[in-house]
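Trainee: Fold the following.
(chains A, B, C and D)
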There are 2 protein chains.
Amino acid sequence: MKRITIKDLSKFLSLSTSTISRALLHDKNVNEETRKRILDAAEKLGYKPNLTALNLQSGQSKTIGFVVPEMITPFSAKVLKGIQNILYPLGYRIIITQSDEDSCIERKNLQLLEEFNVDAIIINLCHETYNNDIYQHIMKQGTPLIFFDRIPHESLDVSKVIVNDYIKASLMVEYLIKTGRKRIVHMMGPATIRNAMERVNGYKRILMKYNIFDENLIVQADGMTFEHGKKAIKQLISKNIEFDSIFAFSDTLALGAMNYLHEQKIRIPDDVAVASFSGTELSSMVFPQLTSVQQPLEKMGEIAAELALEKIKNNSSPSKCIMMDAELIYRAST
Amino acid sequence: MKRITIKDLSKFLSLSTSTISRALLHDKNVNEETRKRILDAAEKLGYKPNLTALNLQSGQSKTIGFVVPEMITPFSAKVLKGIQNILYPLGYRIIITQSDEDSCIERKNLQLLEEFNVDAIIINLCHETYNNDIYQHIMKQGTPLIFFDRIPHESLDVSKVIVNDYIKASLMVEYLIKTGRKRIVHMMGPATIRNAMERVNGYKRILMKYNIFDENLIVQADGMTFEHGKKAIKQLISKNIEFDSIFAFSDTLALGAMNYLHEQKIRIPDDVAVASFSGTELSSMVFPQLTSVQQPLEKMGEIAAELALEKIKNNSSPSKCIMMDAELIYRAST
DNA sequence: GTGAAAGCGCTAACAC
DNA sequence: GTGTTAGCGCTTTCAC
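Mentor: Next up is the predicted model:
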């Protein structure tokens, strides 16, 4: 089923390919009559432009790389949706790679995207710093890098999309306090993730403000999975440290913790309230439904895509850091 | 940061572009000495082949479309992983589109993929039949269509990857009976999905075999979301129909049901056991962890990708229907 | 207002 | 064993 090309049209209409091209591009230098004939013929014969040829010509690959740490929660999928909203209508393809929270895989993914000659890369880091050399290498090649959610340290001059982790964590913790909780555990994410530090700092600030800070209430998950969350809370309990609530770095960690609490017949929220930070459907698919900081993920994807487009148009355009607002959603777990 | 091309190499080495090309392609018609010089230079200057040029040349887009009904559960992401395993190393891009369980969106997505001129499409249907015309249209264009999980009726001559829904549903239901359950509810998926019919038939067969079939125990969810599952079980309960277990069409529906049971303080599995059909991490992230039919999703993705490659190589190669084995995983919910 | 021709980066058929 | 050339589908000078 050979595709109709501009050449076919040119033969069919006994016109040069350039005229056809012009008509198709709405160039004014085409007789109205001719234009119509061409458009009709194109329609009738089912002409579709060959994107590959256009890309070769323009020197772009019209492909954007999207690098995410995981796709087990709907987090990345929602951001992806936003990116697609913006980029698909513009004819961009999106190549997705999953890093499985592993910096080595992330590294390989970035190399893969380099092979693919992507026009830009939108990325949510695994762990900060480990791959800094590659980020810089890629940028030096002239490929714009846009970060969202988990971003690297200031050192890199890149555009970013984030929420105010520090403030939102503070607000969530303060909310827990207002509902009468005093022994609030923070299940912290890996310290190599900048957001983990922001959130723990927000947490600390509030607990100190209310004079109820206790170092022992911070538990560090060794990783980002459900099992890590479960294990962390198990250890805490085995140490006989009392607590009446948990503020977790992510939905996944929170779910792990909740699962263990359930197993131990600890009631949520009666005995222990649970809150998290994320904003995916996951929070409302468990029991009890989870109170959490809801990030505007789809919107974040859209913004990230727009930042990418800006940089594609002009790579030396100034980098922006867009701070999005996030909403606290109160559900049954608190 | 202009990319190094074969022409640059040719100038740099004072050789023709064809010799360079040959060396790079490991063509034997190149002097060993020359070959080495070329490869060294390519390495040193950081030569990367321009995939767009290759694609234009070969007439392929080296792009595969992937159409899925949703990405809220990790289901599609796992299949995607399998597809990526096979296709990324071969230089294929994968374009993902999400249909949100809506046939209209699926339709638009398929049209989008047509614009992108993909070499093949791997698809998990929303609802059967509604878009049959488009499937046929696409195939007539010469674009291979590979179905997995939810497949269309026999009428289409396409390759497919599935599990034996009928048998596995039977086994799961039989397992529930063996654990002493007698009033087993089946929460059925939309009848427009072939698998829903297969699974309900498997369910029926076993209940009839044990002489405990009761029409009232089949509830039909109006859709595929968590809320649909919740609503369906709520209605059942409001009708005062007694039951001691649920076999749900999908994880998502099962979770909705579980949520409602929890709300009503109905104990799982003590009062009501719950089992589902799927095979994602979701089943082990809830409480109690969910017994389910675990499909080898990543493997299914790999097979689907291979089937796609077969068809790309030779579109008239015979269509295959690969039936994968699925495992019953017994967890705390039963 | 239209056509001829060059060129994007690469491969392959054809010379030599 | 190497070079020349054409061509993949398209846009875009440059002529006329």
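Trainee: On the strand side of things, show who the closest residue to DNA strand D within the stretch 151-300 of chain A bridges to.
Mentor: Per Cβ to the nearest atom of the strand, A:Ser159 is where the stretch 151-300 of chain A lies closest to DNA strand D, at 27.0 Å. For every residue, glycine as well, the C-beta is placed using N, CA and C. Counting by DSSP bridges, A:Ser159 is bridged to A:Ile146.
Trainee: what are the ranges of the strands in the stretch 151-300 of chain A?
Mentor: In the stretch 151-300 of chain A, the segments counted as strands under DSSP state E, counting those that start in this stretch are A:159-163, A:184-188, A:218-220, A:245-248, A:273-278, A:291-294.
Trainee: among those, which is the most enclosed?
Mentor: Mean neighbour count (mean count of other Cβ atoms under 10 Å in any protein chain shown) peaks for strand A:245-248 among the strands of the stretch 151-300 of chain A, with a mean of 30.
Trainee: by contact count, what packs against that one?
Mentor: helix A:165-178, strand A:184-188, helix A:251-263, strand A:273-278 (3 or more Cβ pairs under 8 Å, 6 or more residues apart in numbering or on different chains; DSSP states H and E).
Trainee: Any chance you could list what contacts it?
Mentor: Identification of contacts with strand A:245-248 by Cβ atoms under 8 Å, 6 or more residues apart in numbering or on different chains yields A:169, A:172-173, A:176, A:181, A:183-187, A:203, A:229, A:233, A:254, A:257, A:269, A:272-277, A:334.
Trainee: now swap in stretch A:107-118 and tell me
Mentor: Contacts for stretch A:107-118 (Cβ under 8 Å, 6+ apart): A:61, A:63-65, A:67, A:95, A:97-99, A:121, A:123, A:131, A:134-135, A:138, A:141, A:143, B:3, B:48, B:50-52, B:88, B:91, B:93.
Trainee: Let me know the average pLDDT across it.
Mentor: Average pLDDT, stretch A:107-118: 94.
Trainee: near DNA strand C at all, that stretch?
Mentor: No - under the criterion of Cβ under 7 Å from any atom of the strand, stretch A:107-118 makes no contact with DNA strand C; the nearest approach is 9.8 Å.
Trainee: quick revisit: now, which of the contacts of stretch A:107-118 lie within helices?
Mentor: Judged by DSSP state H, these include A:134-135, A:138, B:51-52 as members of helices.
Trainee: If you rank those residues by neighbours, which is first?
Mentor: B:Thr52 (24 neighbours; other Cβ atoms under 10 Å in any protein chain shown).
Trainee: How much space separates the residue of the stretch 151-300 of chain A closest to DNA strand D from DNA strand C?
Mentor: As judged by Cβ to the nearest atom of the strand, to the nearest Å, A:Ser159 and DNA strand C stand 26 Å apart.
Trainee: Contact partners for that residue?
Mentor: A:144, A:146-147, A:307-308, A:310-311, A:319-322.
Trainee: let's go with 10 Å and repeat that
Mentor: By Cβ atoms under 10 Å, 6 or more residues apart in numbering or on different chains, the contact list for A:Ser159 reads A:120, A:122, A:144-148, A:151, A:303-304, A:306-308, A:310-311, A:317-322.
Trainee: Which of the residues you listed are buried? Put it as a ChimeraX command.
Mentor: Applying 16 or more other Cβ atoms under 10 Å in any protein chain shown to the contacts of A:Ser159, the buried members can be selected in ChimeraX as follows:
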select /A:120,122,144,145,146,147,148,151,303,304,306,307,308,310,311,319,322
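Trainee: Mind checking which of the contacts of A:Ser159 land in strands?
Mentor: Residues of the contacts of A:Ser159 located in strands (DSSP state E): A:120, A:122, A:145-148, A:321-322.
Trainee: Nearest to B:Lys265 among the residues you listed?
Mentor: Nearest to B:Lys265 out of the ones in strands among the contacts of A:Ser159 is A:Phe148 (Cβ to Cβ; 41.0 Å).
Trainee: looking at it, that closest one is touching A:Asn124, isn't it?
Mentor: Yes - under the criterion of Cβ atoms under 10 Å, A:Phe148 makes contact with A:Asn124 at 5.6 Å.
Trainee: anything in contact with each of those two?
Mentor: With Cβ under 10 Å, 6+ apart as the test, A:Phe148 and A:Asn124 both reach A:66, A:68, A:79, A:161, A:300, A:304.
Trainee: What strand or helix carries the third one?
Mentor: Here A:Val79 is covered by helix A:75-87, with elements defined by DSSP states H and E.
Trainee: That's all I had, so thanks and see you.
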